[in-house]
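1. Provided below for reference: sequence and predicted model.
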Amino acid sequence: EANQTYPKFSASFVPSDLDFWENAFGDNAINALKLRASWGQAGNLTGIGSYDRFWQFLPVAYLGRPTIIPSSTLANPNVAPERMTELEYGADITVWRNKVNIGATFYQQKIKDLVVNRVLAASEGGLGIVNNVGEMENKGIELSLSVTPISTNDLTWGVTFLYNRNRNKITELGSPTIAIANVAGAPSFLIEGMPASVFYGTAFARDNGQILLTPAGLIQSEKGVQNSATPLVYEAQRDNTGQPTGAAIRAVIGNPNPDFTGSIMSNLAYKNFNFSFLIDFVRGVDVFNADKRTRQGVGIGDYAEKELKGEVPRGYIFAMYTTEEWRIDDGSFTKLREISLSYNFKRPVKGINNINLGVFGRNLISWDNYNGYDPETNAGGNSDILRGVDFGNVPIPRTYKMQLVVTF
């Protein structure tokens with residue numbers, strides 16, 4: 001369609017503005033209360049690339065002459081933008097003489113016509129196609145708490161806490177699984193009834209929850225019988241020595257959707273000094289660390305070093321390459337996102353109202369257990385489907401800044 005329409009409506013009610021409020025609650029109880037709700041639709045501006053609808057041709061050299069060949073991604077002139085419908089409601093409350101502000105937001109999103117670069121069998125004439133494949137929903141909560149425990153002429157201190165939790169699920173797909181094409185080789189899949197973009201790949205063989213090694217002490221993939229109609233159902237099999245037997249099975253080995261995220265912000269102002277910091281945290285998220293695999297394969301990784309030193313059995317790197325679960329890392333982190341210190345020179349000389357001198361740092365420290373540069377990463381870029389894949393990504397830089405602002 002050439003044109004897309006996305007309607008939106010919102011409304012709010014502030015009962016604390018009514019005449020009875022102050023008499024009912026006074027100055028020391030609930031100072032303000034706002035109730036709000038909204039409904040609207042939105043599209044995905046980055047889901048469809050500029051040329052995804054067309055069959056593109058790629059320039060290559062053949063016998064020293066320039067030629068072109070058709071892309072392995074098929075054209076799809078009928079692909080349409082995603083459409084998200086969201087219902088949101090919440091409340092904002094101010095108490096204790098406006099020193100405490102509490103906010104709560106609840107939302108439910110339904111997304112239709114998911115845009116996915118799905119994998120195709122080569123017999124279909126290409127290896128992938130950008131298409132609309134199903135429906136997805138998000139349900140979540142956002143909480144905020146801002147406190148100003150000190151507020152005087154010389155000293156002000158405020159702290160804000162944020163908490164966000166989202167639960168995501170593919171509600172309709174039309175097929176048991178759909179693989180999401182990506183250059184990292186990550187087993188990112190859409191599976192009906194599961195969160196979006198789970199990692200569905202070869203898993204560790206286990207015995208009573210413990211990883212089952214080969215007689216040579218190497219990791220190995222689980223084997224057995226898998227139900228093709230219900231991909232999440234499988235039966236592990238063992239031979240008479242207790243080792244896996246049969247075909248390699250696939251299972252959900254990771255989830256790139258975090259359990260929750262949050263932030264802590266604080267600002268302290270004393271006379272002409274100002275100090276602030278921001279800490280972000282993410283918990284319960286998995287990353288498919290393709291970089292870790294690649295480092296071992298070319299002999300520059302930490303496990304490749306351990307194999308050379310004899311700390312792990314010979315053949316460890318070769319064995320782990322077939323087990324995709326080995327590449328799943330915990331992407332949880334806590335980051336000192338930003339810290340700043342500044343000083344205001346008020347009217348230092350005639351004609352200058354203020355000089356602000358400050359120093360700032362961003363992404364200074366990351367507390368995590370990630371086997372790579374940065375757990376906050378995504379090879380999918382702006383894609384809302386391909387998530388949590390680390391493959392040749394440039395880590396978020398640590399930056400420092402000095403600032404001099406003169407106000408006349």
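-> Nice, thanks for sending it over.
2. For the rest of this, base every contact and every neighbour count on C-alpha atoms.
-> Noted.
3. Poorly predicted segments of the stretch 51-200 of the chain, please.
-> For the stretch 51-200 of the chain, no stretch has pLDDT under 70.
4. if I read this right, Arg238 contacts Glu222, doesn't it?
-> No: assessed by C-alpha atoms under 8 Å, Arg238 is found out of contact with Glu222, at 9.6 Å.
5. got any residues that touch both of these two?
-> Counting by C-alpha atoms under 8 Å, 6 or more residues apart in numbering, the contacts common to Arg238 and Glu222 are Pro244.
6. Neighbour count for the two, which is higher?
-> Per other C-alpha atoms under 10 Å, whichever of Arg238 and Glu222 has more neighbours is Glu222, with 26 against 13.
7. Return the distance of the more buried one relative to Asp239.
-> Between Glu222 and Asp239 the distance is 12 Å, computed by C-alpha to C-alpha, to the nearest Å.
8. Please, which helix or strand holds Asn182?
-> When elements are defined using DSSP states H and E, Asn182 is found to belong to no helix and no strand.
9. count of neighbours near it?
-> 17.
10. what's the answer for Asn131, then?
-> With other C-alpha under 10 Å as criterion, Asn131 counts 23.
11. For beta bridges, what are the partners of it?
-> Val116 (DSSP bridges).
12. Let me see the contact set for it.
-> Applying C-alpha under 8 Å, 6+ apart, the residues near Asn131 are 76, 79-80, 114-118.
13. cutoff 7 Å now
-> 79, 115-117 (C-alpha atoms under 7 Å, 6 or more residues apart in numbering).
14. Just the buried residues of stretch 229-247, please?
-> Within stretch 229-247, the residues that count as buried by 16 or more other C-alpha atoms under 10 Å are 231-232, 234, 236, 243-245.
15. That should have said stretch 277-294, apologies.
-> For stretch 277-294, by 16+ other C-alpha under 10 Å, it's 277-283, 285-293.
16. so which of these comes closest to Gly201?
-> Phe288 (10.8 Å; C-alpha to C-alpha).
17. If the closest one is in a bridge, with which residues?
-> Ile328, Val389.
18. Was I right to think it contacts Asp390?
-> Yes: the pair Phe288 / Asp390 is scored as a contact, 6.1 Å apart, by C-alpha atoms under 7 Å.
19. Now tell me what touches the host helix or strand of Thr148 from outside.
-> Using DSSP H and E, Thr148 sits within strand 135-151. Contacting residues not belonging to strand 135-151 are listed as 99-114, 156-173 [C-alpha under 7 Å, 6+ apart].
20. ok, now stretch 345-355?
-> Under C-alpha under 7 Å, 6+ apart, the answer for stretch 345-355 is 344, 356, 405-408.
21. That one: which residues count as buried?
-> 354-355.
22. Start and end of it, how far apart?
-> First-to-last distance for stretch 345-355 - C-alpha to C-alpha - comes to 5 Å.
23. got it, and stretch 198-213?
-> Start-to-end, stretch 198-213 (C-alpha to C-alpha) is 25 Å.
24. In it, which residues are buried?
-> 198-206, 212-213.
25. From Pro149, how far off is Ile30?
-> 17 Å.
26. repeat for Gly90
-> In terms of C-alpha to C-alpha, Gly90 sits 25 Å off from Pro149.
27. cool, Gly125 as well?
-> 66 Å.
28. Repeat that for Leu162.
-> Leu162 is 17 Å from Pro149, by C-alpha to C-alpha.
29. Which one of these two is surrounded by more residues?
-> Leu162 (16 against 11).
30. Find the helix or strand that the residue located most distally from the centre of the chain is a member of.
-> Distance from the centre of the chain peaks at Lys350, with 51.3 Å (C-alpha atoms, centre = their mean). Per DSSP H and E, Lys350 falls between elements, in no helix or strand.
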